[in-house]
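Undergrad: let's see this in three dimensions:
(one chain, ligands or ions: 1)
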Amino acid sequence: MAAKLIDGKALAQQVRDGLAAQAAKVLAKTGTKPGLATILVGDDPASHVYVKNKQKACELAGIYVDDHKLPSSTTQAELLALIDKKNADPKIHGILVQLPLPKHIDSKVILEAVSPDKDADGFHPYNFGRLVEGHPVFEACTPKGVIKMIESTGVTIEGKRAVVLGRSNIVGKPLALMLLQRNATVTICHSKTKDLAAVCREADLLLVAIGKAKFVTADMVREGAVVIDVGTNKTSDGKLCGDVDFEPVSQKAGWISPVPGGVGPMTIAMLLDNTVESARRMAGIA
Ligand SMILES: Nc1nc(=O)c2c([nH]1)NC[C@@H]1CN(c3ccc(C(=O)N[C@@H](CCC(=O)O)C(=O)O)cc3)C=[N+]21
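TA: Residues are numbered from 1 along each chain as shown. Predicted coordinates:
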């Protein structure tokens, strides 16, 4: 049986429509729009495209964009000074420092300099700690988007076996914690996991973020499972390709998300969601 498609693009559009209404409420109550500062250092073409897409999505949702493009020669001290300014600016409710940063800048120091109250990416250790502790404030955008995608299927998370492939700080680890928070039984797999295929076959929910093109094959998937593909690999002919071997796996899964058109658009929608939520908190809107 063919799996049903989890259409991340359509779901992201729904989320963004809802956010536009929320942003309008913030504007009506406070006289200012929710504001996102975007900071991009250097000239990586992919980063410029990503930031442009995020800015466009903001503008469509009625979020003010405060754009900062800095040369790759920017020093760590200069970047820290800009972040301090944005931390103190009442028009700004979220701060995005696009990654990767140039090698001479320590990303850990930079991400810790962003005020936890404006951490729309959810990357600050304070917000990571709040998630571990079970009282999240800002949740990282990609895993938050994955949760919304699972919820959109109507499949309940509670009591299910969730297997997360990958343990990065920006996807695998926070995603595992978000699933645990929702009472799934969670297994995290990584490069040293033994009998990986057998562990994956146990999964009612299989969440894949390992960064290897077409790594998950049909024999690793339980009949009817929800499969979400966080991978963004480039094929030799330059096409975007997920971590899941889509065609054969979609014959076996119950639900599957594509790449492109899956997690990527939801990541952007969640950045907007965090920004609007932050503005609502600061404005005292319930
Ligand atoms: N501070 C920070 N926060 C981030 O969230 C962040 C970052 N740095 N650095 C880079 C990664 C990457 N990322 C993507 C977001 C959306 C798509 C996306 O929408 N992709 C489209 C297709 C894009 C295409 O066709 O190339 C899709 O999957 O359908 C992809 C990648 C956010 N990142």
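
Undergrad: for the ligand, give me its nearest residue in this structure.
TA: With CB to the nearest ligand atom, the shortest gap between the chain and the ligand falls at residue 264, namely 2.3 Å. From N, CA and C alone the C-beta is placed, and that goes for glycine too.

Undergrad: average pLDDT for the helix or strand hosting that residue, rounded please.
TA: For residue 264, the host element (DSSP states H and E) is helix 263-283. The average pLDDT for helix 263-283 rounds to 98.

Undergrad: what comes up buried for that helix?
TA: The neighbour-count check on helix 263-283 (16 or more other CB atoms under 10 Å) flags 263-280, 282-283 as buried.

Undergrad: how about the helices in the stretch 101-250 of the chain?
TA: Under the criterion DSSP state H, counting those that start in this stretch, helices of the stretch 101-250 of the chain are mapped to 107-113, 125-133, 141-153, 172-181, 196-201, 246-250.

Undergrad: ok, and what's touching the shortest one?
TA: Meaning helix 246-250. By CB atoms under 8 Å, 6 or more residues apart in numbering, the surrounding residues in contact with helix 246-250 are 2, 3, 216, 217, 218, 221, 227, 229, 256, 258, 259.

Undergrad: for the ligand, what are the nearby residues on the chain?
TA: 50, 96-99, 121, 141, 232, 240, 259-261, 264-265, 267-268 (CB under 6 Å from any ligand atom).

Undergrad: which of those sit farthest apart?
TA: Farthest apart among the residues of the chain next to the ligand by CB to CB are 97 and 261. That separation is 26.4 Å.

Undergrad: between those two, tell me which one has more neighbours.
TA: Shown here are residue 97 and residue 261; by other CB atoms under 10 Å, residue 97 has more neighbours (24 against 17).

Undergrad: many thanks, have a good one.
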